[in-house]
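Undergrad: Sharing a model that was predicted from the sequence below.
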Amino acid sequence: MKQAIVRLVVLAILLANQTLVVYGWDPLPFTEDQIYQGVSTAATIGVAVWAWFKDNPVTKQGKHNEKFLKQRGMK
C-alpha cells in the first residue's frame, strides 16, 4: 500500500511539473550538474543507510538471530 501511495505522489508531482512546463513556467530551475550532484548524494546516503542496516541487527528479530548464531558458534 505504501508503494502505491508513493507512486501516486510522484506521479502527481510529475504531472504538475509537466503542466507548468507546457504553460511556459520553469518550476525546477536547476542545472544539469546540480541535478547530478543531488541524485548522487541521495544515492550515496541511501546505499550507506542500507548497508548499515543490512550489516547490523537493528530489529528485535535481528538481535535475537545474532544472539542465536553466537551461541551456536556460527558467528
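TA: Now that the structure is in, tell me what you want to look at.
Undergrad: Does the one residue sitting closest to the centre of the chain belong to a helix, a strand or coil?
TA: Compute the mean C-alpha point of the chain, and by CA atoms, centre = their mean the closest residue is residue 46, 5.3 Å away. Recorded secondary structure, residue 46: helix (DSSP: H, G, I helix; E, B strand; the rest coil).
Undergrad: Going forward, the N-terminal residue is numbered 56.
TA: Fine by me, first position is 56 from now on; the one you just mentioned is residue 101.
Undergrad: And residue 86, its phi and psi?
TA: Per-residue torsions, residue 86: phi -80, psi 170 (degrees, to the nearest 10).
Undergrad: What's the separation between it and residue 64?
TA: Going from residue 86 to residue 64 by CB to CB, to the nearest Å gives 25 Å. Any C-beta I mention is one placed from the backbone N, CA and C, and that applies to glycine too.
Undergrad: Kindly report the same for residue 70.
TA: 11 Å.
Undergrad: Where does the prediction get shaky in this structure?
TA: For the chain, applying pLDDT under 70 flags the ranges 110, 130.
Undergrad: hmm, try it at 80
TA: Scanning the chain for pLDDT under 80 picks out the ranges 56-57, 61, 81-85, 87, 108-113, 129-130.
Undergrad: Could you say which helix or strand holds residue 83?
TA: Assigned by DSSP states H and E, residue 83 belongs to no helix or strand.
Undergrad: Angles on the backbone of it, please.
TA: Per degrees, to the nearest 10, the backbone of residue 83 is at phi -120, psi 80.
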